[in-house]
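A.B. asks: turn this into a model:
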Amino acid sequence: MVSRDLVIIGAGPAGMAAAAQAADLGLGVTVLDEQPRAGGQIYRDVDRVAPLRGDILGADYTDGTRLTQSLGHDKIEHVSGAVVWAIEDGFRLSYTCEGRGAQIEADRILMATGALERPMPIPGWTLPGVMAAGAGQILLKQSGVLARNAVLVGSGPLLYLIAAQMVRAGMPPVAMVETQTRGDMIRAARYIGGAVRGWPYMAKGLKMLAQLTRAGVPRFAGATAIAIEGEGKAEAVTFTHKGRTQRIGCETVFLHHGVVPNTQAARSLGISHNWNVAQGAFVPVLDDWGQSDVAGVFIAGDGAGIGGAKAAENAGKLAALKLAEEAGHLSTHERDHRAVPMRRAMAREMAARPFLDAAYPPYGAALQPADGTVICRCEEVTAGDIRSYAKLGCRGPNQSKAFGRAGMGPCQGRYCGLTVTALLSQANGQSPDETGYYRIRPPLKPVTLGELAAMDNAMQDAAE
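C.D. replies: The predicted model follows:
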């Protein structure tokens with residue numbers, strides 16, 4: 001079995017930056033990534049797409065080629081299409097690639113698994129034609145496909161980015177139905193100092209808003225009672241705005257109200273997590289270098305808390321410095337000296353985050369959906385089902401599996417976990433930390449018997 005100094009899970013900005021930094025310091029690195037080409041979500045397929053649609057997707061996207069090129073280092077092995085489904089004691093990682101299973105051992109692990117879009121369960125969200133906004137961006141990045149007659153619903157900077165990209169592509173959204181309120185903006189004002197320090201980030205946002213205004217895209221801020229109508233597919237978005245009921249016909253609906261850390265792999269190792277009130281999600285407990293409370297396991301990027309691509313890049317580099325020091329490739333003094341500019345860059349990138357978190361909170365009605373709304377799409381469990389489990393004595397998400405299979409489908413709770421925690425927390429009068437989250441066990445992702453059999457055959461052939 002292959003053994004490496006460091007195995008990195010994920011080839012987004014944190015994973016790529018960490019790999020390059022660690023390789024430069026002499027570590028042998030293997031990067032396992034699910035996608036066919038490096039870049040993660042933010043820089044998805046950037047090497048191929050940048051020459052084709054770079055003008056539409058913008059300079060922040062095409063900048064990713066700088067990181068993908070760094071994976072050509074002779075000490076870096078980049079395994080694309082690799083789906084990690086188990087991490088065992090002694091850091092043996094099992095994954096599938098090209099239809100067969102494989103295993104690799106590591107002295108240390110860096111998880112750079114990024115973020116997931118926060119699920120937005122509202123009436124009609126399971127209709128065909130309704131998808132997460134990030135899925136719409138994937139279509140644009142990888143295939144150059146844009147949805148016609150699309151309405152964007154929710155809140156947060158990503159909505160503005162996607163809308164601006166649609167405008168530049170010549171197919172602007174029909175409308176933006178936004179859930180943030182004037183009160184949210186007033187509450188965010190206490191963090192205006194950080195927003196000023198992070199002025200480049202804020203300037204980009206203002207530029208995108210100006211593009212939307214020039215394009216005449218209607219915006220409805222402070223929308224409530226949002227629902228998606230349709231017979232067999234999405235046909236319209238209905239909502240209340242300034243006391244009036246509105247209905248906008250459409251063919252596609254993009255939903256988005258924030259992103260949250262993807263913690264599944266970290267939780268499978270028993271790494272401690274705490275509830276982050278500002279970001280409304282669980283985040284792993286880490287030190288300043290990204291070291292978790294499981295020795296030898298580091299986490300960097302949005303999987304450690306939402307900060308964006310540039311912050312993730314610097315977090316990956318910082319983790320690599322610590323990993324190199326632990327491996328004896330770098331002195332403590334040199335580690336700290338090299339870390340100074342990285343920490344300064346991270347502080348600049350994170351300065352505006354408190355303002356953004358406060359100004360664009362998740363949509364409350366999607367955090368506590370109506371009883372008839374499906375929240376576990378895999379097993380078709382509704383919000384009302386979860387509340388009924390609480391009345392029967394269900395105190396946490398793990399118990400909810402026994403009551404009604406919530407979280408036991410192919411996604412393993414990735415998309416319903418936070419909603420189940422929120423529903424049970426409210427129903428039982430507990431905090432999210434007291435309520436907890438699903439206990440994650442292998443397989444982290446679906447794996448077939450054929451892939452397992454192919455792994456056995458491959459290992460036997462290698463032994464012979």
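
A.B. asks: ranges for the strands of the stretch 251-400 of the chain?
C.D. replies: Assigned by DSSP state E, counting those that start in this stretch, the stretch 251-400 of the chain shows strands spanning 252-256, 259-261, 273-276, 281-284, 297-299, 374-376, 381-382.

A.B. asks: looking at these, spot the one closest to Gly316.
C.D. replies: strand 297-299 (9.3 Å; C-beta to C-beta). For every residue, glycine as well, the C-beta is placed using N, CA and C.

A.B. asks: the closest one - contacts with which helices or strands?
C.D. replies: Contacts defined by 3 or more C-beta pairs under 8 Å, 6 or more residues apart in numbering; DSSP states H and E place strand 297-299 against strand 100-111, helix 309-326.

A.B. asks: pull the distance from it to the chain's centre.
C.D. replies: 17 Å (C-alpha atoms, centre = their mean, to the nearest Å).

A.B. asks: buried residues in it?
C.D. replies: 297-299 (16 or more other C-beta atoms under 10 Å).

A.B. asks: once you drop chain neighbours, what's closest to Cys363?
C.D. replies: In this structure residue 363 is Tyr, not Cys. Once flanking residues are discounted, Tyr363 sits nearest to Thr179: 4.1 Å by C-beta to C-beta, 6 or more residues apart in numbering.

A.B. asks: would you turn the strands of the stretch 251-400 of the chain into CSV with distance to Arg405 and mean pLDDT?
C.D. replies: Listed next are the strands of the stretch 251-400 of the chain as CSV, based on distance: least, C-beta to C-beta, whole Å; pLDDT from 0 to 100:
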stretch, distance to Arg405, mean pLDDT
strand 252-256, 24, 97
strand 259-261, 23, 97
strand 273-276, 23, 97
strand 281-284, 22, 97
strand 297-299, 29, 98
strand 374-376, 8, 96
strand 381-382, 7, 96
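
A.B. asks: could I get the ones you listed in TSV, plus columns for distance to Asn314?
C.D. replies: Shown next, in TSV, are the strands of the stretch 251-400 of the chain (distance: least, C-beta to C-beta, whole Å):
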stretch	distance to Asn314
strand 252-256	25
strand 259-261	17
strand 273-276	19
strand 281-284	17
strand 297-299	14
strand 374-376	35
strand 381-382	40
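
A.B. asks: between those strands, which one is closest to Asn428.
C.D. replies: Here strand 273-276 is closest among the strands of the stretch 251-400 of the chain (C-beta to C-beta), at 14.9 Å.

A.B. asks: and that closest one, what does it pack against?
C.D. replies: Using 3+ C-beta pairs under 8 Å, 6+ apart: strand 273-276 touches strand 281-284, helix 432-435.

A.B. asks: so what strands line up beside the first one?
C.D. replies: What that stands for is strand 281-284. Partners of strand 281-284 in the sheet, by DSSP bridges, are strand 273-276 (antiparallel).

A.B. asks: run the chain-centre distance for the partner strand.
C.D. replies: 16 Å.

A.B. asks: cool, and stretch 5-22?
C.D. replies: With C-alpha atoms, centre = their mean, you get 17 Å for stretch 5-22.

A.B. asks: again, but for stretch 111-118
C.D. replies: Counting by C-alpha atoms, centre = their mean, stretch 111-118 comes out at 3 Å from the chain centroid.

A.B. asks: how close does Lys391 sit to Phe403?
C.D. replies: Remark: distance between Lys391 and Phe403 (C-beta to C-beta, to the nearest Å) = 11 Å.

A.B. asks: quick one, which of those two is more surrounded?
C.D. replies: Just comparing Lys391 and Phe403: by other C-beta atoms under 10 Å the higher neighbour count belongs to Phe403, 16 against 9.

A.B. asks: now the more buried one, nearest residue through space, not along the chain?
C.D. replies: Tyr389 (4.1 Å).

A.B. asks: the one you found: neighbouring residues, count only.
C.D. replies: 22.

A.B. asks: what do you get for Thr448?
C.D. replies: 12.

A.B. asks: any idea how far Ala266 is from it?
C.D. replies: From Thr448 to Ala266 the distance is 25 Å (C-beta to C-beta).

A.B. asks: beta partners of the residue most central in space within the chain?
C.D. replies: Nearest to the mean C-alpha position of the chain, by C-alpha atoms, centre = their mean, lies Ala115 at 1.5 Å. Counting by DSSP bridges, Ala115 forms beta bridges with Pro261.

A.B. asks: closest to Gly156 among the buried residues of strand 297-299?
C.D. replies: Closest to Gly156, out of all of the buried residues of strand 297-299 and judged by C-beta to C-beta, is Ile299, at 22.8 Å.

A.B. asks: perfect, that will be all.
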